Each structure stands twice: as structure tokens, then as C-alpha cells.
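**Student:** the following block contains a protein sequence and its predicted model.
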Amino acid sequence: MTIEQFSKGFPVINQYTYVNTAASGLMYESLMEWRQEHDIDFLIGGSRFRESAGEQIEDIRAQVAGFFNASTPNTVLTPNFSFALKTFVNGIDKNQNILLLEDDYPSLNWPFVSSGFKNVSYVTVNPDMEENIREAFKKLKPDIFAFSVVQYLSGVKIDLKFIKSLKKEYPEVLFIADGTQYSGMFDFSFKDSEIDIYGGSGYKWLLSGYGNGYMLFDDAVKDKIYPKSFEFEPQKEPFLHGVNHIRAHFEPGHLDTLNFGSLAFSMQLFNEVGIATIEKHTKSISAYAMQKFKELNLLTETVAGQKEHSSIFNLQIDKKKQAALKSRNVTFSLRGSGARVSFHLYNTKADIDKIASILKH
């Protein structure tokens, strides 16, 4: 399947210039049809349909792990990244130093800020961000560094090669990454990343609808989470056999085969198209948008100075120009100091040209 063939399944793009994936990815026809078939099977099967739910979930878990080149037993399925991170924070020692990025996604920073940790510090996101991070490591000696790979406000992307080198320099620091605004836009191998915990929600760039996410753990992390619960494991009930330490905390209760099945369905299609193909398309679109928006002086200094950017841009425009975009059926979000636009596989250079043309006047 090609990107062009995949893109034909999104009816919204025939009505609007949809540049708002950073807020919500689109539903597409084949996923809708799969979801309808799933619920019809539930409708006519009832509990008999759910008899195979455990097997379905394990198949989904394996698909998610394979998509990210991660360990299947260390992959958990979660309603969203925010839920998983809060669960993690509740299960670790609070006598630790935390390092975060200023103005990162609220659901990433808030659990640390609100949970009584020994010390929480911040790094400024500016053209010298990587150097700022390195200096903060030297000065503050964090125990945990938590960050979004792509910043939701600006689209600034942390170089994962930098993260890898930093982890090798500070192997004792726990690196936690939110990939919600990254996965589905770029290829990613968890095993090669040197990141300890990586998670995300599926409703944005993975185009999987709401109610599904994932969190991947390195083996060395497991003993640090809810350590007091080990004495109660494994649990005795027959239906809980095989539930490991991580899943016991991050997957309480029944898991929904509709929502998590949607995540696996989208990942299968991404694999058919080729995540490398999608990344190539995304980078091409990003470079073109960077050029056009720079020419119109629409970007902050931090974004304009990026060597390699994501496909999220915050355009510094006034309310009159925001209204002009809306009047021409451009779907975007108001975030931070401007209008945030974001481009995915169903977007083309023509979308960027349209936006640039509107904002010239």
C-alpha cells in the first residue's frame, strides 16, 4: 500500500485542509469498517465473543512490541500515556531529583510536580536546549529525566542520538520519554534507543482512535516500580496466571479489544505502507513547511533555528489571520502563543502552499 492509497480513506481531507493531527488524528474508512465488524461480533456473541479476549490482547501486545522493536513481556497496554505515567509515578520512591522541560505536555510534567518529589527542576527549551540539558545534568544530578520527544507547543524535536549519548554518560539516570507526538511520524526502535521507559497515546499520529496507548519498559526498570508488591506475586486466581509484575499495576481490570485492536489495526497498515516511507514523507513536508514559514517570518527563533524539525509548527499570527485560516476551511489548534499546524501522511505540499498563500495577505 502506498501513502496515496492510504490517504484516500480519510473523508475529512476532502472537506477541509486538515492540519491538526497534533490534536487528534483522523478516523479512516477501513478502521471504521473493522470496528463495526468487531462490535457486530460482540453484539451476536456476547460473552462467547469475550472468551478469546485474552488471546486477542496478547496478539495485540506482540504487535505493539514488534512495531517498536521492544520486549513483548515488558510492553503494557494502557488507555493513554497520562494514565500510565501517573501509575508509574505512584509506584516509585519520591526521594529523587526530577528533571523536566519547561512547558512540556501538562500530563507529563504534572504527575511529578504534584506527587511530592524531593526536587523538581526544569530545562528551558530554546536554540541551546541540548546544551541546557547537558549542563542541568552536571549541575543538578537528576535521578529521573522525563521529556516529550517532540514538544506539543512548538514541534521542537529532541535528537534521540543526543539522548543515547547522554544515557551512556549517565547510565544511572532513568530516562522516560513521551512519544505521543513522535510515534507514527518517525521510525523508532526501543531496544536501540537507550531510553528506559517509552510510551504514548494512539489517537494522534498513530491514527488509532481514542482509549488506547502503550508503555515500554527496559528490564532494569521493573524492580524499581511498586517494590513492596513483589511479596504478593504471582496472584493466585486462575484468570490472573501469567500476569507479570508490570502488567499487574498498569493493566488493572479488563482490556478493551475494540480500542486496543484499533491500535494494532493501524500499526499493521503503517507497516504495510512502511514507517520509513512515512518518515521520509513527513521529513519532506516538514522541510518544505519550514522554508515557507521562514520566508513569511511566522516562526519563533527557537523553531527557525532547528536543524531537523518535526512536522508541528506554531505560527505566530494575530487573530485576524487565524480567522482567515478558519474561513478557508483550515483546521488547526490555538496553542501557546500562536496557531499550531501539524502535517501527517495525508497532507501534501499543496496544503502548505494554501496556508502560506492565505497568510501572505
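**Tutor:** Yes, it's here. Please read all numbers here as calculations on a predicted model, not as lab measurements.
**Student:** now K283: closest residue in space that isn't a chain neighbour?
**Tutor:** Sequence neighbours aside, E308 is the residue nearest to K283 in space, at 7.6 Å (criterion: CB to CB, 6 or more residues apart in numbering). Heads up, the C-betas are built off the backbone N, CA and C, glycines and all.
**Student:** can you give me the neighbour number for that neighbour?
**Tutor:** 10 (other CB atoms under 10 Å).
**Student:** wait, what's in contact with it?
**Tutor:** E308 makes contact with K157, D159, K283, according to CB atoms under 8 Å, 6 or more residues apart in numbering.
**Student:** can you pick the most crowded of those?
**Tutor:** So for the contacts of E308 (other CB under 10 Å), the most neighbours sit at K157, 22 neighbours.
**Student:** tell me if I'm right that it and V150 touch.
**Tutor:** Yes - in this structure, K157 is within contact of V150 by CB atoms under 8 Å, at 4.9 Å.
**Student:** got any residues that touch both of the two?
**Tutor:** What both K157 and V150 touch, as defined by CB under 8 Å, 6+ apart, is the set Y182, S310.
**Student:** closest to the centroid, which residue in this protein?
**Tutor:** Residue closest to the mean C-alpha point of the chain, counted by CA atoms, centre = their mean, is T180 at 0.9 Å.
**Student:** tell me which element that residue falls in.
**Tutor:** Assessed by DSSP states H and E, T180 sits outside every helix and strand.
**Student:** end-to-end on stretch 45-63?
**Tutor:** For stretch 45-63, the first-to-last residue distance is 25 Å (CA to CA, to the nearest Å).
**Student:** give me the mean pLDDT for it.
**Tutor:** Across stretch 45-63, the average pLDDT comes to 92.
**Student:** what's next to it, contact-wise?
**Tutor:** By CB under 8 Å, 6+ apart, the surrounding residues in contact with stretch 45-63 are 41-42, 72, 75, 77, 254-255, 257, 260-261, 263-264, 267-268.
**Student:** can you check stretch 265-279 too?
**Tutor:** 1-3, 6, 30-31, 34, 63-64, 67, 184-187, 202, 206-208, 345.
**Student:** and D351, helix, strand or coil?
**Tutor:** helix (DSSP: H, G, I helix; E, B strand; the rest coil).
**Student:** which non-adjacent residue is nearest it?
**Tutor:** T17 (5.2 Å).
**Student:** according to the record, where do the domains of this protein fall?
**Tutor:** 3-26+274-360, 34-272 (automatic domain parsing).
**Student:** mind listing what I197 touches?
**Tutor:** I197 neighbours (CB under 8 Å, 6+ apart): F88, L174, F175, I176, A177, M215, L216, F217, D218, V221.
**Student:** L216 falls within a strand, correct?
**Tutor:** Yes - applying three-state DSSP, one finds L216 inside a strand.
**Student:** against N74, how distant is it?
**Tutor:** For L216, the distance to N74 equals 6 Å [CB to CB, to the nearest Å].
**Student:** tell me which of the two has more neighbours.
**Tutor:** L216 (26 against 19).
**Student:** measure stretch 321-341 end to end?
**Tutor:** Note: stretch 321-341 ends 13 Å apart using CA to CA.
**Student:** pLDDT on it, on average?
**Tutor:** Taken as a whole, stretch 321-341 has a mean pLDDT of 95.
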